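> Here's a sequence, model it:
(one chain, ligands or ions: 1)
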Amino acid sequence: MFTINENYLQLNESYLFSTIAKKINEFTLSNPETDIIRLGIGDVTLPLPPSVVDALHKSVDEMGRKETFRGYGPEQGYGFLREKIAEIDFQKRGISVSADEIFVSDGSKSDTGNILDILGEQNSVALADPVYPVYQDTNVMRLGADNRLILLPCTAENNFLPQLPTEKIDIIYLCYPDNPTGTVMTKPQLKQWVDYALENRSLILFDAAYEAFITEDDIPRSIFEIEGAEQCAIEFRSFSKNAGFTGLRCSYAVVPKSLKTHTADGREVSLHGLWNRRQSTKFNGTPYIVQRAAEAVYSPEGQNEIREMVDYYMQNAAIIRSALLSKGWPVFGGVNSPYVWFKCPGTDNSWRFFDRLLHECHIVGTPGVGFGAYGEGYFRLSAFNSLEKTREAVRRIERWEV
Ligand code: PLP
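Take a look at the predicted model:
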């Protein structure tokens, strides 16, 4: 008889978004005329920027001609894209990352999950709580629920930023700007983590999927702005949120060549080499047309277009944030992030607040407890809807007597 990976049976039932869908369904069945505004989603709503669409058309035509057709590409990504990424996302900002340290992929969700393939099973792993659920679930899939996952509580008292662990941790996931809390770390704060990692020979898995939403100058956009990070960190970036690629799929990971560790018998190994081996074996590359589309993001027009998209969402974030603040509710995020995180007024139960917001304001958000136990009593609203809907949602909240 064949067996299965029973760790999958130990995963928490993923009921967050299915429960939300069920509750919306029930509500619309009995209130079919009601205009529900969805601020729960982490998906973008604006269409792809024109230069991206142009690049897609052109590259599709290339694929249809004998002379320009392309089959399998390099598993690490085409040079034309890796070079643009290195130049514009890093070198132009004074960060030393070279094109061959960049691995183009089909999403940060897959990258942050797949990275575990090259890491040992004995590692202790730390995660923030609340957290983007993929980090936790992929660890449970690999090692089971009783693996060495250490949850770092994020609360209003610590501004939803985890404290440095008191014990020695091998692998630490950090996500800034954060999903779900929208919080960011300053350079000195992030430096503390890099110093901790260097001292304890830990690895930081830094998810910068929301980097483009940073508006404040002193907030690091890459962990590699911090000295020494190239010896202790891998960074994940995505085109999903900054350029509307959630349906197109493109991302990249930066695995510095100077990131090394030792085998049990004392040999030095480079994670760059291991990830290269992993990707060339299990991944056949991001589609050519998608990489051409991502390349277009770096053209001067593309850069302007994505800036406009991000600004549009950030205007929504500012509108939501200021409305909640004027209600007197404790609010986090929304300044360098498309997510606004706040304390549910009048209850410590995120789901109870979800129900009231749906039934009384006809607005859908995401209950904080869905991201971890420390999210209980909090709530996430997303800025990824239209300006009109966001304004209408805010009007409803302003008039609402909670
Ligand atoms: N990382 C974080 C923190 C996210 O919130 C998301 C998507 O919501 C992702 C990664 C996934 O990005 P991608 O679309 O590139 O898989």
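> Kindly list the main-chain dihedrals of the nearest residue to residue 147 once chain neighbours are set aside?
Spatial nearest neighbour of residue 147, chain neighbours left out: residue 139 (6.1 Å); criterion: CB to CB, 6 or more residues apart in numbering. For the C-beta atoms, the positions are set from N, CA and C on the backbone; glycine is no exception. Per-residue torsions, residue 139: phi -70, psi -40 (degrees, to the nearest 10).
> Residue 139 contacts residue 126, correct?
No. Counting by CB atoms under 8 Å, residue 139 sits too far from residue 126 to count as a contact (10.6 Å).
> Which positions in the stretch 201-350 of the chain make contact with the ligand?
By the rule CB under 6 Å from any ligand atom, the part of the stretch 201-350 of the chain lying against the ligand is 207, 209, 238, 240, 246, 251.
> For the residue nearest to the first one when sequence neighbours are not counted, what are phi and psi?
Yep, that's residue 207 we're talking about. Spatial nearest neighbour of residue 207, excluding adjacent residues (CB to CB, 6+ apart): residue 175 at 4.0 Å. With angles defined as degrees, to the nearest 10, residue 175 sits at phi -130, psi 110.
> Over to residue 331?
phi -120, psi 140.
> Residue 366 too?
phi -120, psi 120.
> same thing with residue 332?
phi -130, psi 160.
> Please name the bridge partners of the residue found closest to it once you drop the neighbours it is linked to in the chain.
Of all residues not flanking residue 332 in the chain, residue 341 sits nearest, at 4.4 Å (CB to CB, 6+ apart). Counting by DSSP bridges, residue 341 is bridged to residue 332, residue 380.
> Residue 341: neighbouring residues, count only.
Residue neighbour count, defined by other CB atoms under 10 Å, stands at 30 for residue 341.
> do residue 227 as well
Neighbours of residue 227 under the rule other CB under 10 Å: 11.
> dump the residue contacts of it.
Taking CB atoms under 8 Å, 6 or more residues apart in numbering as the criterion, residue 227 is in contact with 191, 194.
> Who are the packing partners of the longest helix seen in the chain?
Under DSSP state H, the helix in the chain containing the largest number of residues is helix 300-326. If you count contacts as 3 or more CB pairs under 8 Å, 6 or more residues apart in numbering; DSSP states H and E, helix 300-326 packs onto helix 50-63, helix 240-243, helix 288-297, strand 331-333, strand 339-343, helix 387-399.
> Which residues belonging to the last one are considered buried?
Counting neighbours by 16 or more other CB atoms under 10 Å, one finds that the buried residues in helix 387-399 are 389-394, 396-397.
> Would you mind putting the CA coordinates of it into PDB?
C-alpha atoms of helix 387-399 as PDB (Å, rounded to 0.1, in the frame of the first residue of the first chain):
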ATOM      1  CA  LEU A 387     -11.200  54.700  -5.400                       C
ATOM      2  CA  GLU A 388     -15.000  55.000  -5.700                       C
ATOM      3  CA  LYS A 389     -15.700  51.800  -3.700                       C
ATOM      4  CA  THR A 390     -13.100  52.800  -1.100                       C
ATOM      5  CA  ARG A 391     -14.700  56.200  -0.700                       C
ATOM      6  CA  GLU A 392     -18.200  54.700  -0.400                       C
ATOM      7  CA  ALA A 393     -16.900  52.100   2.100                       C
ATOM      8  CA  VAL A 394     -15.400  54.900   4.200                       C
ATOM      9  CA  ARG A 395     -18.600  56.900   4.100                       C
ATOM     10  CA  ARG A 396     -20.500  53.900   5.400                       C
ATOM     11  CA  ILE A 397     -18.000  53.500   8.200                       C
ATOM     12  CA  GLU A 398     -18.000  57.200   9.100                       C
ATOM     13  CA  ARG A 399     -21.800  57.100   9.500                       C
END
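> Return the list of helices and strands in contact with it.
With contacts taken as 3+ CB pairs under 8 Å, 6+ apart, helix 387-399 sits against strand 37-38, helix 300-326, strand 363-364.
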